[in-house]
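Student: Sequence first, then the predicted structure:
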Amino acid sequence: GAVVSQHPSRVICKSGTSVKIECRSLDFQATTMFWYRQFPKQSLMLMATSNEGSKATYEQGVEKDKFLINHASLTLSTLTVTSAHPEDSSFYICSAQTGTYEQYFGPGTRLTVT
Amino acid sequence: GENVEQHPSTLSVQEGDSAVIKCTYSDSASNYFPWYKQELGKGPQLIIDIRSNVGEKKDQRIAVTLNKTAKHFSLHITETQPEDSAVYFCAASITGNQFYFGTGTSLTVIP
């Protein structure tokens, strides 16, 4: 089946610094990837849609200048949390689309901002 | 936008019993309804899905039913096993691209 990886799996950073999270589709090409965040014991909230070679589309309420998304190739999308603050601590999950209606999720990245 | 509600938030069953999780959606244009299983510290894994032109789909111990008129769909797990313990999420999609998730159900199967 389709495999999606994320790196790192866990990251701790200091307040004010930036952190980059990578999402890779390992055995397929994905023109579209999605980024979600999930707070403890809560649901997944879509943050943005990442399209290869074009600007990401952000959901309402998500700051595009704070959560920078780059989808430079058909197998890699990155999410950079800039000037991170403790309230940005969360579980970030990406998914990659193999076709309409078919999304495969990565294992997630636990971000802790101290 | 689409709003998906999910019940119950927690569910405990004895091993071998059945478990049922229900979701409702708000937008009648939604036409794809996947169910995901998420284990602690991991990403969601698709376990079954259904499209709006089908009323029921079954895969071994797992089945999903859809009532388009009432705008609700349900996950049924029969003969539950301890390894079924996890958080289950329903989702709805209009375009097949953006997915809107329910609030999750924490299922515990008691040996």
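Tutor: Perfect, I can see it now.
Student: Show me the shaky parts of chain A.
Tutor: A:1 (pLDDT under 70).
Student: which outside residues touch stretch B:1-14?
Tutor: Identification of contacts with stretch B:1-14 by C-beta atoms under 8 Å, 6 or more residues apart in numbering or on different chains yields B:19, B:21-27, B:30, B:80, B:89-94, B:100-110. Heads up, the C-betas are built off the backbone N, CA and C, glycines and all.
Student: can you pull up the bridge partners for the residue most central in space within chain A?
Tutor: When C-alpha atoms, centre = their mean is applied to chain A, the residue found nearest the centroid is residue A:35 (3.8 Å). On the basis of DSSP bridges, residue A:35 is bridged to residue A:48, residue A:94.
Student: Now do the contacts for it.
Tutor: A:23, A:46, A:47, A:48, A:50, A:67, A:69, A:77, A:79, A:92, A:93, A:94.
Student: So what does the closest residue to residue B:51 other than its chain neighbours have for phi and psi?
Tutor: With C-beta to C-beta, 6 or more residues apart in numbering or on different chains as the criterion, residue B:51 has its nearest non-adjacent residue at 5.5 Å, and that residue is residue B:32. Main-chain torsions, residue B:32, degrees, to the nearest 10: phi -140, psi 130.
Student: thought residue B:32 was touching residue B:49?
Tutor: Yes: using C-beta atoms under 8 Å, residue B:32 makes contact with residue B:49 at a distance of 6.8 Å.
Student: Report the set of residues contacting both of these two.
Tutor: residue A:101.
Student: Next, count neighbours for residue A:9.
Tutor: Neighbours of residue A:9 under the rule other C-beta atoms under 10 Å in any protein chain shown: 14.
Student: Over to residue B:28?
Tutor: By other C-beta under 10 Å, neighbour count at residue B:28 equals 11.
Student: likewise residue A:28?
Tutor: 17.
Student: again, but for residue A:10
Tutor: Residues within reach of residue A:10, counting by other C-beta under 10 Å, total 11.
Student: does the closest residue to it other than its chain neighbours sit in a helix or strand, and which one?
Tutor: Among residues not flanking residue A:10 along the chain, residue A:110 sits closest, at 4.6 Å (C-beta to C-beta, 6+ apart). Applying DSSP states H and E as the criterion places residue A:110 in strand A:109-113.
Student: So the helix or strand of chain B with the lowest mean pLDDT, near chain A or not?
Tutor: Here the helix or strand of chain B ranked lowest by mean pLDDT, DSSP states H and E is strand B:99-101, holding a mean of 91. Yes: on the criterion C-beta under 8 Å from any C-beta of the partner chain, strand B:99-101 is in touch with chain A at B:99, B:100, B:101.
Student: where does chain A come near chain B, residue by residue?
Tutor: Residues of chain A lying near chain B (C-beta under 8 Å from any C-beta): A:4, A:6, A:32, A:34, A:41-46, A:49, A:93, A:95, A:97, A:100-101, A:103-108, A:110.
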